[in-house]
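Novice: From the sequence below, what's the structure:
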Amino acid sequence: MLSLARRFVWAPRGWKSIPLLLGLLPQVILAGAVAAQQAPPKKNVLIINEVGLSHSLTSLMTQQILEGVQETPNLHVEFYSESLDLISFPDNPSRADIRDWLVKKYGAYKLDVVVAVGPDSINFLSSYTQTMFLEVPIVICGSSIQQAGNPRLDSRFTGTWLSYEPAKTIEAALRLFPETRHVAIVGGTSAFDKKALSITKTDMAPSLSSKVDLIYLTDLEMNQLLERLRQLPEHTIVLYTSFFQDAAGHKFVNATKALPMVIEAANAPVFGMSDTYLGNGIVGGKAMNFREQGRITARLVSELLAGKKSQEIPILTNSSVYMFDWNQLQRWHIPESRLPEGSVIVFREPSLWERTKWMWIGSLMIILSLSALTIYLLWSRKQLKLARSAQLELSGMLIDAQEKERSRLASELHDDFSQRLALLSLGIENAAEAIPDSPQEASQQLHDVLNSAGEIGADLHTLSHRLHSSTLEKLGLVPGVSALCKEFGVQQGVLVDFASENFTRPVHPAVALCLFRIVQEGLRNLKKHSGATKAQVDLRQAGNHLLVFVRDEGRGFDPKEIKGKQGMGIRSMEERVRLLGGRFEIHSAPGQGTSIEAWVPFQPESRPAEI
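Specialist: Next comes the predicted model:
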């Protein structure tokens with residue numbers, strides 16, 4: 001958590017400002033008190049580095065610790081940093097002088113955690129554990145246990161050690177360059193350099209001294225070292241340990257100054273054991289992962305600041321990682337297949353595909369979208385043509401059906417009703433003539449004429465009902481369909497079982513007419529095609545829809561065989577339901593009867609005046 005200070009500047013422009021400021025003063029004091037109660041207490045962390053921030057290791061570790069701790073919620077941390085080789089003391093101060101200076105400088109502070117970065121910092125704090133920073137937990141990092149001299153650490157110490165493994169680095173290098181005959185080991189003359197060189201000799205002696213010729217380029221001035229590196233024999237690789245100082249006492253920044261000079265002069269590939277060396281010219285190696293250790297250290301510091309005890313956190317060792325620079329692999333033509341299993345490759349330049357893949361993917365998505373749109377438009381165009389063809393066919397069928405119905409009505413009126421009316425007229429005429437001569441015979445003739453007139457009226461009523469049901473219009477859907485079923489059963493000799501339920505909602509006239517025509521057409525098709533003597537008609541409510549079923553147990557048919565060959569009856573039923581936003585289905589199979597089902601909403605999507 002970052003601290004925030006707010007400063008108020010008072011510059012009144014007259015006495016009129018004083019009452020306003022006095023009125024705001026209690027609010028300001030109250031807000032400050034609330035903020036003070038909510039803000040977490042400040043914690044103090046001291047980071048003691050071996051070298052200054054100009055060195056990449058110190059800079060990397062410090063950055064990782066600061067960023068990791070500051071990302072922890074509910075922490076307000078103030079950081080302090082000191083470097084053992086940069087503290088302002090007279091020349092060649094003793095370790096006791098450095099201790100006294102640190103105690104004097106930070107004695108007034110309440111330190112919550114001390115972080116020791118590097119072997120000398122760890123060794124220094126372990127030497128004065130009884131006189132410095134008493135009861136303050138100390139987190140170690142940035143060193144292997146061998147580099148720190150195997151110090152004895154009490155319970156206040158926690159943290160992690162690194163693994164320093166030069167022999168495994170050389171073994172990996174020999175795997176990449178199997179023809180290697182010489183290994184040149186480069187190191188400086190500072191105490192740190194000599195310690196690293198000593199550990200390297202000890203680690204490499206048992207396994208590698210008999211395989212390759214070890215050339216130690218140490219105790220040299222920088223110019224002499226560079227000249228030797230330019231004249232290395234063939235089949236040589238270089239192992240860079242560290243170089244803080246040359247034999248003449250000249251000091252160097254290890255990773256960013258000395259190492260690039262070595263890389264530029266060497267006529268052979270260079271390997272190293274630190275991830276901070278990667279990117280400065282080395283091929284790679286079994287590297288100490290300082291970046292990851294910095295993140296772990298930040299987590300441990302956060303846990304300690306949150307109240308965890310150092311005794312609860314054991315000191316562990318972080319394994320080194322095979323890490324290699326992609327650019328150096330390309331420079332020395334090293335195939336990735338030769339790398340040890342689990343190797344990490346850094347600074348890999350993206351391939352042409354990786355650099356342009358999103359452009360290609362975007363282009364492909366656009367092409368696919370356009371293709372899909374084109375296919376959809378072509379499909380829609382085809383469907384539109386089919387719909388237009390179906391509409392033209394339906395229009396032709398409607399016209400043809402209309403003409404056939406007109407012809408049928410004309411024929412029925414002419415051949416039936418017209419002749420019957422002529423006979424009725426003749427009977428009336430004969431009765432009129434017979435009245436004077438035979439009143440009894442005239443009375444019988446008039447009775448016969450009356451019966452004929454009643455039959456004509458009944459037939460006209462039936463014909464009118466087939467064209468338009470007055471019962472449906474006057475009494476509603478259920479009585480209209482019930483009357484239709486009874487009339488059909490009497491006229492056609494088919495037993496129709498009609499069942500319905502009382503509807504809780506009014507039925508729209510267009511919906512009622514649609515269902516009436518479906519039942520009428522369904523019964524007509526039943527009589528014409530099924531050969532059944534029984535039928536069932538059901539009318540019921542299902543949510544916001546009305547359902548009608550017309551079933552028979554006749555001969556049935558295969559719906560696939562008549563697909564595209566439906567007559568006008570089926571087409572008219574489908575179209576009526578579609579116009580009202582409903583669903584129409586026919587289920588049938590040879591020998592298993594036929595079922596016509598229609599679902600129509602109470603309130604249709606479209607409400608034509610006549611369907």
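
Novice: Is residue 300 part of a helix or strand, or is it coil?
Specialist: Assigned with DSSP: H, G, I helix; E, B strand; the rest coil, residue 300 falls in the helix class.

Novice: The closest residue to it other than its chain neighbours: which element?
Specialist: Nearest residue to residue 300, sequence neighbours excluded (CB to CB, 6 or more residues apart in numbering): residue 139, at 5.4 Å. (Each C-beta comes from the backbone N, C-alpha and C, glycine too.) If you go by DSSP states H and E, residue 139 is part of strand 138-141.

Novice: Just the CA trace of that strand, in PDB.
Specialist: What follows is strand 138-141, C-alpha atoms only, in PDB (Å, rounded to 0.1, in the frame of the first residue of the first chain):
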ATOM      1  CA  ILE A 138      16.500 -11.900   8.500                       C
ATOM      2  CA  VAL A 139      15.700 -13.200   5.000                       C
ATOM      3  CA  ILE A 140      18.700 -14.400   3.000                       C
ATOM      4  CA  CYS A 141      18.900 -14.600  -0.800                       C
END
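
Novice: average pLDDT for that strand?
Specialist: In this model, strand 138-141 has a mean pLDDT of 97.

Novice: partner strands of it, parallel or antiparallel?
Specialist: Counting by DSSP bridges, the strands paired with strand 138-141 are strand 113-117 (parallel), strand 157-162 (parallel).

Novice: looking at those, which is closest to residue 149?
Specialist: Closest to residue 149 of those, according to CB to CB: strand 157-162, at 12.3 Å.

Novice: Next secondary structure element downstream of the closest one?
Specialist: Per DSSP H and E, the first helix or strand lying C-terminal to strand 157-162 is helix 166-176.

Novice: Please point out which parts of that following helix sit buried.
Specialist: Using 16 or more other CB atoms under 10 Å as the test for burial, helix 166-176 gives 166, 167, 168, 169, 170, 171, 172, 173, 174, 176.

Novice: Who's the closest spatial neighbour of residue 319, skipping the chain neighbours?
Specialist: Using CB to CB, 6+ apart, the nearest residue to residue 319 is residue 163, at 5.6 Å.

Novice: Would you quantify the distance from residue 291 to residue 114?
Specialist: Going from residue 291 to residue 114 by CB to CB, to the nearest Å gives 22 Å.

Novice: So for these two, which residue has more residues nearby?
Specialist: Using other CB atoms under 10 Å, the more surrounded residue of residue 291 and residue 114 is residue 114, with 25 against 13.

Novice: what residues are up against residue 582?
Specialist: 514, 545, 598, 599, 600, 601, 604 (CB atoms under 8 Å, 6 or more residues apart in numbering).

Novice: tell me the least confident of those residues?
Specialist: Taking pLDDT as the measure, these have their low point at residue 604 (75).

Novice: and the closest residue to residue 54 other than its chain neighbours, what pLDDT?
Specialist: Residue nearest to residue 54 in three dimensions, not counting chain neighbours: residue 253, with 5.6 Å by CB to CB, 6+ apart. With respect to pLDDT, residue 253 has a value of 92.

Novice: Residue 234 too?
Specialist: 95.

Novice: so it sits in a helix?
Specialist: No. With three-state DSSP as the criterion, residue 234 is coil rather than part of a helix.

Novice: Now for the nearest residue to it once chain neighbours are set aside: which residues touch it?
Specialist: Excluding its sequence neighbours, the residue lying closest to residue 234 (CB to CB, 6+ apart) is residue 181, at 7.8 Å. Neighbouring residues of residue 181 by CB under 8 Å, 6+ apart: 212, 213, 233, 234, 235, 236.

Novice: cool, and residue 573?
Specialist: By CB under 8 Å, 6+ apart, residue 573 lies in contact with 517, 518, 521, 522, 584, 596, 598.

Novice: Could you rerun that using 10 Å?
Specialist: 514, 517-522, 525, 550, 566, 584, 586, 596, 598 (CB atoms under 10 Å, 6 or more residues apart in numbering).

Novice: just the buried members of those residues?
Specialist: Among the contacts of residue 573, the ones that count as buried by 16+ other CB under 10 Å are 514, 517-522, 525, 550, 584, 586, 596, 598.

Novice: just the residues you listed now: which is nearest residue 48?
Specialist: Nearest member of the buried ones among the contacts of residue 573 to residue 48, counting by CB to CB, is residue 584, at 86.6 Å.

Novice: wait, is the closest one part of a strand?
Specialist: Yes. Assessed by three-state DSSP, residue 584 belongs to a strand.

Novice: pretty sure it is touching residue 518, no?
Specialist: Yes. Contact criterion CB atoms under 10 Å: residue 584 and residue 518 qualify, at 8.0 Å.

Novice: how about the nearest residue to residue 263 once chain neighbours are set aside, secondary structure?
Specialist: Once flanking residues are discounted, residue 263 sits nearest to residue 281: 3.1 Å by CB to CB, 6+ apart. Of the three states, residue 281 takes coil according to three-state DSSP.

Novice: ok, how many other residues are close to residue 281?
Specialist: 22.

Novice: Likewise for residue 480?
Specialist: 23.

Novice: likewise residue 493?
Specialist: Residues within reach of residue 493, counting by other CB under 10 Å, total 9.

Novice: Distance-wise, check it relative to residue 569.
Specialist: Distance from residue 493 to residue 569, by CB to CB: 20 Å.

Novice: likewise residue 452?
Specialist: 34 Å.

Novice: now residue 169
Specialist: With distances taken as CB to CB, residue 169 is found 90 Å from residue 569.

Novice: Okay, now the unreliable bits of the stretch 1-150 of the chain?
Specialist: 1-39, 86-92 (pLDDT under 70).

Novice: now the helices: where do they sit in it?
Specialist: Counting by DSSP state H, counting those that start in this stretch, the stretch 1-150 of the chain has these helices, from start to end: 17-38, 56-70, 95-106, 119-127.

Novice: ok, the closest residue to residue 95 other than its chain neighbours - contacts?
Specialist: Distances taken as CB to CB, 6+ apart put residue 124 closest to residue 95, at 6.4 Å, once the chain neighbours are dropped. Residues counted as contacts of residue 124 (CB under 10 Å, 6+ apart) are 48, 50, 84, 95, 98, 99, 102, 116, 118, 132, 148, 151.

Novice: Out of those, flag the one nearest to residue 222.
Specialist: residue 50 (21.5 Å).

Novice: residues touching the residue lying closest to that closest one once chain neighbours are set aside, list them.
Specialist: Closest residue in space to residue 50, ignoring its immediate chain neighbours: residue 118 at 2.9 Å, by CB to CB, 6+ apart. Residues in contact with residue 118 (CB under 10 Å, 6+ apart) are 48-51, 55, 57-58, 61, 83-84, 124, 140-143, 147-148, 192.

Novice: One more: residue 183?
Specialist: 166, 170, 173-174, 204, 208-209, 211-216, 236-239, 268, 271.

Novice: Generate a ChimeraX selection restricted to the buried subset of those.
Specialist: Buried members of these, defined by 16+ other CB under 10 Å, are picked up in ChimeraX with:
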select :166,170,173,174,204,208,212,214,215,236,237,238,239,268,271
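
Novice: can you list the domains in the chain?
Specialist: Here the domain parsing of the chain from automatic domain parsing is 40-163+288-318, 166-284+321-349, 429-467, 474-601.

Novice: And those, which one averages the lowest pLDDT?
Specialist: When the domains of the chain are ranked by mean pLDDT, domain 429-467 comes last with a mean of 68.

Novice: any chance you could map the helices in the stretch 401-550 of the chain?
Specialist: Using DSSP H, counting those that start in this stretch, helices in the stretch 401-550 of the chain cover 419-437, 439-467, 470-475, 477-492, 509-525.

Novice: should've said the stretch 151-300 of the chain
Specialist: 166-176, 191-208, 222-230, 259-265, 290-305.

Novice: how about those helices in a markdown table, adding distance to residue 375?
Specialist: Below are those laid out as a markdown table (distance: least, CB to CB, whole Å):
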| stretch | distance to residue 375 |
| --- | --- |
| helix 166-176 | 53 |
| helix 191-208 | 67 |
| helix 222-230 | 67 |
| helix 259-265 | 59 |
| helix 290-305 | 52 |
